[in-house]
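**Student:** Mind looking at a prediction? Sequence and model below.
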Amino acid sequence: MPQAEVRIVASCPEAHHDRVLDICKGSGMSKAFGKQGDFIYALNSGATVCQSVLDATLHSECSLVRILCIEGGPNCDEENAAIPALKKAVADDLKKQTGRQVEVASAWMRMELFETEFGTLADEAAAAKHLELSRYTDYR
């Protein structure tokens, strides 16, 4: 079944890095932020975000790419101003690499909302993985 939406977290304040990384891993989201958090540091042409989007969409039939940014970083205003160019770069790169026209949307979220919306998925996935692994653990 085709994946309708691919989500990429492009910016995250350093204080939330580890939790957002866990949520990304657990919920199947891609990440395009570093330890410093903000995509503005790697914005040369949006290369980091574009590559993350390509990696996530190359073998899917998604119709929407949603770039998520967590509020609270020191460069939010600069990043917000760069979002239209980033969305265009992502859409153009996808069209060039895959031949598909994909809608690219973006959203800024407070950490609390991000955790409420996506954290439960990640926690459930981690719990299921732990349960699966515990079946093969010898506790002697």
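**Tutor:** Everything's here; your move.
**Student:** Quick one: the strands in the protein, in order.
**Tutor:** For the chain, the strands defined by DSSP state E occupy 5-11, 30-31, 64-70, 103-109.
**Student:** what's the closest of those strands to Asn80?
**Tutor:** strand 103-109 (7.0 Å; Cβ to Cβ). The C-beta positions use only the backbone N, C-alpha and C, and glycine is treated the same way.
**Student:** Please identify the buried residues of that closest one?
**Tutor:** Going by neighbour count (16 or more other Cβ atoms under 10 Å), the buried part of strand 103-109 is Val104, Ser106, Trp108, Met109.
**Student:** what do you get for stretch 80-98?
**Tutor:** In terms of neighbour count (16+ other Cβ under 10 Å), stretch 80-98 has its buried residues at Ala82, Ile83, Leu86, Lys87, Ala89, Val90, Ala91, Asp93, Leu94, Thr98.
**Student:** Out of the residues you listed, the closest to Gln51 would be?
**Tutor:** Asp93 (8.5 Å).
**Student:** ok, longest helix in this structure?
**Tutor:** helix 76-98 (DSSP state H).
**Student:** picking up where we left off before, which one of the buried residues of strand 103-109 is nearest to His17?
**Tutor:** Nearest member of these to His17, counting by Cβ to Cβ, is Met109, at 15.1 Å.
**Student:** Okay, and the beta partners of the closest one?
**Tutor:** Following DSSP bridges, Met109 is listed with bridge partners Ile70.
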